[in-house]
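Asker: model this:
(chains A and B)
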Amino acid sequence: GQNIDQPTEMTATEGAIVQINCTYQTSGFNGLFWYQQHAGEAPTFLSYNVLDGLEEKGRFSSFLSRSKGYSYLLLKELQMKDSASYLCAVRDRNDYKLSFGAGTTVTVRA
Amino acid sequence: DGGITQSPKYLFRKEGQNVTLSCEQNLNHDAMYWYRQDPGQGLRLIYYSQIVNDFQKGDIAEGYSVSREKKESFPLTVTSAQKNPTAFYLCASSWTSGRGPNEQFFGPGTRLTVL
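Answerer: Numbers count the residues shown, from 1 in each chain, chains lettered A, B, ... in the order given. Presented below is the predicted three-dimensional model:
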């Protein structure tokens, strides 16, 4: 099984940078995903890491260290529309199912 | 347009009744999944299927049943045995082969309220 931890809430100012950490303990690992979920809506895919290092995609970057069981999602130049819940998910090595953390609610203030 | 549809968006049922939630995808994905989300919590896996006519229990399968008779469809039945059925239910699908992340795509969800 998987044990995934991430902070419950974070608040930041428009234009700033926020880093959301995710730690995991897993019996098997085949990739780590970050999803964004606005209230009452479906999660949407943001990023994927399977090898150590940083993946950059526009204002969003994601980092993975497999040896430390650690990832972070970096949101730069925050906009009001970035206010949402951010879900960290780990994929099992043996099949395609995901285990999700409880999510981090990010609130962007003007 | 390709995507995943779930219907209905809101569903109300009386306690003790079974109810079936619909999930259809036209993305030609092999795998389909059902999750439950409660307020302030992450997604918990109910059932998943990687191929037609086969499915596996997730972490919280008790009180639920599924079928996978067609590749495009993966309906979820919430039975009267489910003790706390009121929740937001999300269906997802993904590829299971080839290179790349094979990320899961989610439907819009069904919010079930049992009165």
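
Asker: which residues touch the residue positioned nearest the centre of chain B?
Answerer: Centroid-nearest residue in chain B: B:W34, 2.7 Å away (criterion: Cα atoms, centre = their mean). Counting by Cβ atoms under 8 Å, 6 or more residues apart in numbering or on different chains, B:W34 touches B:23, B:45-48, B:58, B:64, B:66, B:74, B:76, B:89-92. To be clear about C-beta, it is placed using only N, CA and C from the backbone, and glycine gets the same treatment.

Asker: tabulate those (a markdown table), appending distance to chain A.
Answerer: Shown next, in a markdown table, are the contacts of B:W34 (distance: Cβ to the nearest Cβ, whole Å):
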| residue | distance to chain A |
| --- | --- |
| B:C23 | 12 |
| B:L45 | 6 |
| B:I46 | 11 |
| B:Y47 | 10 |
| B:Y48 | 5 |
| B:G58 | 7 |
| B:Y64 | 15 |
| B:V66 | 14 |
| B:F74 | 14 |
| B:L76 | 15 |
| B:Y89 | 11 |
| B:L90 | 6 |
| B:C91 | 9 |
| B:A92 | 8 |
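
Asker: sitting in strands, which of these do you find?
Answerer: Among these, the members found in strands (DSSP state E) are B:23, B:45-48, B:64, B:66, B:76, B:89-92.

Asker: shaky segments in the chain?
Answerer: Looking at chain A here, since you left the chain open. Under the criterion pLDDT under 70, the flagged ranges of chain A are A:1.

Asker: I was after chain B.
Answerer: B:1, B:98-99.

Asker: which parts of chain A are strands?
Answerer: Along chain A, the segments classed as strands by DSSP E run A:2-5, A:9-13, A:18-26, A:32-37, A:44-49, A:53-57, A:60-65, A:70-75, A:84-91, A:98-100, A:104-109.

Asker: wait, which of the ones you listed is closest to B:R111?
Answerer: Comparison of the strands of chain A against B:R111 by Cβ to Cβ identifies strand A:32-37 as nearest, at 14.1 Å.

Asker: helices or strands next to the closest one in the packing?
Answerer: Counting contacts by 3 or more Cβ pairs under 8 Å, 6 or more residues apart in numbering or on different chains; DSSP states H and E, strand A:32-37 is packed against strand A:18-26, strand A:44-49, strand A:60-65, strand A:70-75, strand A:84-91.
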